[in-house]
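Peer 1: Output the structure for:
(4 chains)
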4 protein chains.
Amino acid sequence: MSKGRLEAFSDGVLAIIITIMVLELKVPDGADLSALQPLIPVFASYTLSFVFIGIYWNNHHHLFQAVHKINGNVLWANMHLLFWISLIPFTTSWMGENEFLAWPVAFYGISLWMSGLAYFILVRTLLAIHPEDSPLAIAIGGDTKGYVSLALYTAAIPLSFVSARFASLLYVAVAIIWFIPDRRIEKTLAK
Amino acid sequence: MSKGRLEAFSDGVLAIIITIMVLELKVPDGADLSALQPLIPVFASYTLSFVFIGIYWNNHHHLFQAVHKINGNVLWANMHLLFWISLIPFTTSWMGENEFLAWPVAFYGISLWMSGLAYFILVRTLLAIHPEDSPLAIAIGGDTKGYVSLALYTAAIPLSFVSARFASLLYVAVAIIWFIPDRRIEKTLAK
Amino acid sequence: MSKGRLEAFSDGVLAIIITIMVLELKVPDGADLSALQPLIPVFASYTLSFVFIGIYWNNHHHLFQAVHKINGNVLWANMHLLFWISLIPFTTSWMGENEFLAWPVAFYGISLWMSGLAYFILVRTLLAIHPEDSPLAIAIGGDTKGYVSLALYTAAIPLSFVSARFASLLYVAVAIIWFIPDRRIEKTLAK
Amino acid sequence: MSKGRLEAFSDGVLAIIITIMVLELKVPDGADLSALQPLIPVFASYTLSFVFIGIYWNNHHHLFQAVHKINGNVLWANMHLLFWISLIPFTTSWMGENEFLAWPVAFYGISLWMSGLAYFILVRTLLAIHPEDSPLAIAIGGDTKGYVSLALYTAAIPLSFVSARFASLLYVAVAIIWFIPDRRIEKTLAK
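Peer 2: Have a look, this model is predicted:
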């Protein structure tokens, strides 16, 4: 089974998800600068989610470069990942339109947490069909970043009810950690 | 005629269909947990349809791996399949927003029934241009799953008016049957 | 310059156009069969446009199979075609929501006319960079279908104000003419 | 690292951006010609942005034909470009629905300015990993068009508050400058 169509379908879904979020930036009624003011939190949440989905695309791209074969389980693990990422536009809008209040910030974290878990499962499903000395297995290694992200999301979700602003900053921190693409794979493949 | 663009176009349409459904998860006005409650049936119908379209993509992927040539009839049989699948977001929303009432549940079944029939026609159109001993013909075999699905949809549609809940469970049953990708093709190709 | 990305971009745009039209099938408020009744003309116009865009994709697919090279003019002629096709969802909805009244039916015809003209220009732009004895030139030949379509649209547009129903039937007639994919190209390439 | 998926993902995002703008052409209530009149500025801004995004796709296509390798920085420079282009549908609608008033016209210019800057950064990021005598470096050359565009946008933004109409004409002027695809690259590659 070739990985080409899985990559093409994932690219399509991620391209649509990253783009339809902009539809939530509803065109304001007035033509003054003040008409844009209520959109600032919506724009902030849009930007944050654009970066997160960009990170997922980048890591997905890096991951599948090291993949040599796929099977039916990988197709479903990938579909599962796309399902949770597809909910990010919803949680993004809810958070943005409610100016980063507690519940929306917590649900945003849950959608990130589930996406992170789904990515983790996808990686494990791929490792299960690659030998232990494959470039994929070497490149993934201990997967520190994956564990740190899930830990930070786990902290941010309850924290939303104490300080939604601080919880939001934890999401930004995760984005910064992942901003640098998965150079482990890049380096291993370059050898 | 090469199958590459047909696969790319189908991937594009299926990626868009699976993603625009999330636009029906309308962002609620309040920022409390209770604001999300009316969305539960909408979310349930979204999840069910996400799985169904995921199944169609998976089976389409498996099917075309075994395909060696296409012609003009295949292009139209494929377009016909995409037409009926394109109506699933509509029937999904109608069912979700009306909390799984009789008519919406019946129409959801009709959209699945027509999609299933269109897939069946696509498979026959492909078989017509492949020899009887081709990997495609061997892999498809008796197509038990296809017949069972159509039988369950046929039962679920009238059943919607007796118990919409039970009819919905039949849809879930079909999803579970198809969840396992078409290993017939996978196995035959692996030989 | 390779034709691969032009095909991929066109596939993407056509896939989105054909799919977003379904968003105009607004989910009705009621859960009865009668709630669907006002959607019948919207559904009819959706189906007609789905077939038209399917025809454009099919013909685009056939056309570019015979293409050996492209240049900057082809890129723009193709973009020009996509522009007019991108307006079809708008004219489709206007026609469907106004139950096939005169002006909407006329404007639907104009969007088809301009798309047909843009396709004609694209074909000429391609012929200009292919030799007269190329498979493309032989396959296109006299382009009878193209001329007949433009003639029927030209008749249908003023006719909309006499009988919008009859004008709509002319659109259906054009769809039927084109329904059979461009076998000229298929046959010439098969030689 | 191969450039294939970066091109595919960019094609997908640009195809969606160029197409979802048409959703802002809201179907009018009436079925008369007069019902379309308020849509004229919306249609004008749609057409202008369609051309701009068409230009970006064309230039992106030409640019990556000369690219021999990419790295993680290129992925992010490309994502940064897509981010700013993704805001064009929003600024387009705001400008169109407010009939080209001062602030919306200025913000439209800002979204073009940022997209232009992001394209400039993408080009520099690519040049940094290609040798000085590579086809890419030779083709880009002095990048006069890029500088002229940024200069015209810089003039148009403050000018919006003096004469929004004249500022809009400057945007049209930039579109005309870029309309001719980047023949520098075409010529250099043809050698």
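Peer 1: got the contact list for the residue nearest to A:Arg5 when sequence neighbours are not counted?
Peer 2: Once flanking residues are discounted, A:Arg5 sits nearest to B:His61: 5.3 Å by Cβ to Cβ, 6 or more residues apart in numbering or on different chains. Every residue, glycine included, has its C-beta placed from N, CA and C. Counting by Cβ atoms under 8 Å, 6 or more residues apart in numbering or on different chains, B:His61 touches A:Arg5, A:Leu6, A:Phe9, A:Leu75.
Peer 1: for B:His61, phi and psi?
Peer 2: phi -60, psi -50 (degrees, to the nearest 10).
Peer 1: what's the neighbour count on A:Gly30?
Peer 2: A:Gly30: 13 surrounding residues under other Cβ atoms under 10 Å in any protein chain shown.
Peer 1: can you give me phi and psi for it?
Peer 2: phi -80, psi 170.
Peer 1: Tell me the residues of chain A that contact chain D?
Peer 2: A:7-8, A:11-12, A:14-16, A:18-20, A:22-23, A:25, A:27-28, A:31-33, A:36, A:47, A:50, A:54, A:57-58, A:61, A:65, A:179-181, A:183, A:186, A:189 (Cβ under 8 Å from any Cβ of the partner chain).
Peer 1: Restricted to helices, list these.
Peer 2: Taking DSSP state H, the ones among the residues of chain A next to chain D that sit in helices are A:7-8, A:11-12, A:14-16, A:18-20, A:47, A:50, A:54, A:57-58, A:61, A:65, A:179, A:183, A:186, A:189.
Peer 1: Out of the contacts of B:His61, who's the most crowded?
Peer 2: A:Phe9 (27 neighbours).
Peer 1: How about that residue, nearest residue that isn't a chain neighbour?
Peer 2: B:Asp11 (4.8 Å).
Peer 1: doesn't A:Gly12 make contact with that neighbour?
Peer 2: Yes: using Cβ atoms under 8 Å, B:Asp11 is in contact with A:Gly12, at 5.7 Å.
Peer 1: out of those two, which sits in the more crowded spot?
Peer 2: A:Gly12 (29 against 26).
Peer 1: Tell me how many other residues surround the spatially closest residue to the more buried one that is not a sequence neighbour.
Peer 2: Leaving out its chain neighbours, the residue that sits closest to A:Gly12 by Cβ to Cβ, 6+ apart is B:Ala15, at 3.2 Å. For B:Ala15, the count of nearby residues is 28 (other Cβ under 10 Å).
Peer 1: Correct me if wrong: A:Pro41 contacts A:Thr92.
Peer 2: No: in this structure A:Pro41 lies outside contact range of A:Thr92 using Cβ under 8 Å: 10.7 Å.
Peer 1: which parts of chain A sit against chain B?
Peer 2: Checking chain A against chain B by Cβ under 8 Å from any Cβ, the hits are A:1-2, A:5-6, A:8-9, A:12-13, A:15-17, A:20, A:23-24, A:71-72, A:75-76, A:79, A:82-83, A:86-87, A:89-90, A:93-94, A:97-98, A:101-104, A:107.
Peer 1: returning to that earlier point: give the ChimeraX command for selecting the buried subset of the residues of chain A next to chain D.
Peer 2: Command for ChimeraX that selects the buried part of the residues of chain A next to chain D, burial taken from 16 or more other Cβ atoms under 10 Å in any protein chain shown:
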select /A:7,8,11,12,14,15,16,18,19,20,22,25,27,28,31,36,47,50,54,57,58,61,65,181,186
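Peer 1: Quick check: the residue of chain A nearest chain D.
Peer 2: Closest residue of chain A to chain D, Cβ to the nearest Cβ: A:Ala15 (3.3 Å).
Peer 1: In the strand or helix carrying A:Ala151, which of the residues would be classed as buried?
Peer 2: Element membership of A:Ala151, judged by DSSP states H and E, is helix A:144-159. By neighbour count with 16+ other Cβ under 10 Å, helix A:144-159 contains the buried residues A:Gly146, A:Ser149, A:Leu150, A:Leu152, A:Tyr153, A:Ala156, A:Ile157, A:Leu159.
Peer 1: what's the spacing between the fourth one and A:Ser86?
Peer 2: It stands for A:Leu152. 22 Å (Cβ to Cβ, to the nearest Å).
Peer 1: now do the third one
Peer 2: The gap separating A:Leu150 from A:Ser86 is 20 Å, by Cβ to Cβ.
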